[in-house]
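Novice: Model the structure of this input:
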Amino acid sequence: MNKNVKFVDWGLVDYQEAWDRQELLLNETVAIKTNNRNNGTAEQTPNFLVFCEHPHVYTLGKSGHPENLLLDEEGLKEKQATYYKINRGGDITYHGPGQLVGYPILDLDNFFTDIHLYLRTLEEAVILTLADFGIPAGRYPGFTGVWLDADNEKARKICAMGVRCSRWVTMHGFALNVNSNLDYFKSIVPCGIDDKAVASMEQELGHELNMSAVKEVLRRHIAALFEMEISL
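Specialist: Sure thing, here's the model as predicted:
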């Protein structure tokens, strides 16, 4: 089991470009696994943890409903946003500047082969990160992601998640609202949930956060919970 994980920061990157780069890494890893199985070899598979931000974009998961995007083509142009139907789980979400997007491309055979546990572990890393910045957070029963005030009528989502897994190799991941412009969420029914608000760290704390500091804390928690050996 290879616990080494290469950490990469792609910065601000076009969504389609990031998707293509994820697919390439996933396919290369799956090819190693297939070769090992077919030829009796034991080549180690790589693992990657990618952080980035995206220009304004709406993405619809394979189980999502197109009507949850409340904009037509003209509306997307006005907001300078793009729209993609993609191959992760979940419904519709928004990505944009000020939001920390994480793409773990992991061979779960190196960690644990349990998608439910994988998602819960990612959620826990975000929950611990928010706690370090003074924001109490938790889970909302029946929904993936991280929420604030999940136990009352003020429940609001601060981190969305949606993953794809092929032969236990993951892609896509999570989107944590750090300094996000929350107005962009008004143009969708976020994750198909029409009666709950969204939140950001900036909104909760009343000031803009240092993105590099948030990345460092979140990376540390992910590494600890998955027992990773991070390579920078």
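Novice: contacts, neighbours, all on C-alpha from now
Specialist: Fine.
Novice: For Leu130, grab the count of nearby residues.
Specialist: If you count neighbours by other Cα atoms under 10 Å, Leu130 ends up with 23.
Novice: In a helix, it, correct?
Specialist: Yes: assessed with DSSP: H, G, I helix; E, B strand; the rest coil, Leu130 lies in a helix.
Novice: who touches it in this structure?
Specialist: By Cα atoms under 8 Å, 6 or more residues apart in numbering, the contact list for Leu130 reads 136-137, 201.
Novice: Find me the pLDDT at the residue nearest to Tyr140 when sequence neighbours are not counted, would you?
Specialist: Once flanking residues are discounted, Tyr140 sits nearest to Ala150: 5.2 Å by Cα to Cα, 6 or more residues apart in numbering. Listed pLDDT for Ala150 reads 89.
Novice: still on that earlier bit, among the contacts of Leu130, which ones are in helices?
Specialist: Met201 (DSSP state H).
Novice: Listing partners with orientation, what would you give for the longest strand anywhere in the chain?
Specialist: Among the segments of the chain that qualify as a strand by DSSP state E, the longest is strand 156-166. The pairing partners recorded for strand 156-166 under DSSP bridges are strand 143-148 (antiparallel), strand 169-177 (antiparallel), strand 197-198 (parallel).
Novice: isn't Thr41 right up against Asn35?
Specialist: Yes: Thr41 is within contact range of Asn35, at 7.1 Å (criterion: Cα atoms under 8 Å).
Novice: Dead centre of the chain: give me the residue that sits there.
Specialist: Phe174 (1.3 Å; Cα atoms, centre = their mean).
Novice: For the closest residue to Thr29 other than its chain neighbours, give me its contacts.
Specialist: Once flanking residues are discounted, Thr29 sits nearest to Thr45: 5.9 Å by Cα to Cα, 6+ apart. By Cα under 8 Å, 6+ apart, the residues touching Thr45 are 2, 29, 32-33, 107.
Novice: What is the nearest of those residues to Ala224?
Specialist: Of all these, Asn2 has the smallest distance to Ala224: 15.0 Å, by Cα to Cα.
Novice: and the angle from the biggest helix by length in the chain to strand 169-177?
Specialist: Assignment by DSSP H gives helix 15-39 as the longest helix of the chain. Using axes from the mean of the first three to the mean of the last three Cα atoms, to 10 degrees, the inter-axis angle of helix 15-39 relative to strand 169-177 is 150 degrees.
Novice: so what does helix 15-39 touch, helix or strand wise?
Specialist: If you count contacts as 3 or more Cα pairs under 8 Å, 6 or more residues apart in numbering; DSSP states H and E, helix 15-39 packs onto strand 99-105, strand 169-177.
Novice: Using PDB, write out the CA atom coordinates for the shortest one.
Specialist: Taking Å, rounded to 0.1, in the frame of the first residue of the first chain, the C-alpha atoms of strand 99-105 are listed here in PDB:
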ATOM      1  CA  GLN A  99     -13.600  28.800  -3.200                       C
ATOM      2  CA  LEU A 100     -11.100  26.100  -2.300                       C
ATOM      3  CA  VAL A 101     -11.700  23.100  -4.600                       C
ATOM      4  CA  GLY A 102     -10.000  19.800  -3.700                       C
ATOM      5  CA  TYR A 103      -9.500  16.900  -6.100                       C
ATOM      6  CA  PRO A 104      -8.100  13.800  -4.300                       C
ATOM      7  CA  ILE A 105      -7.000  11.400  -7.000                       C
END
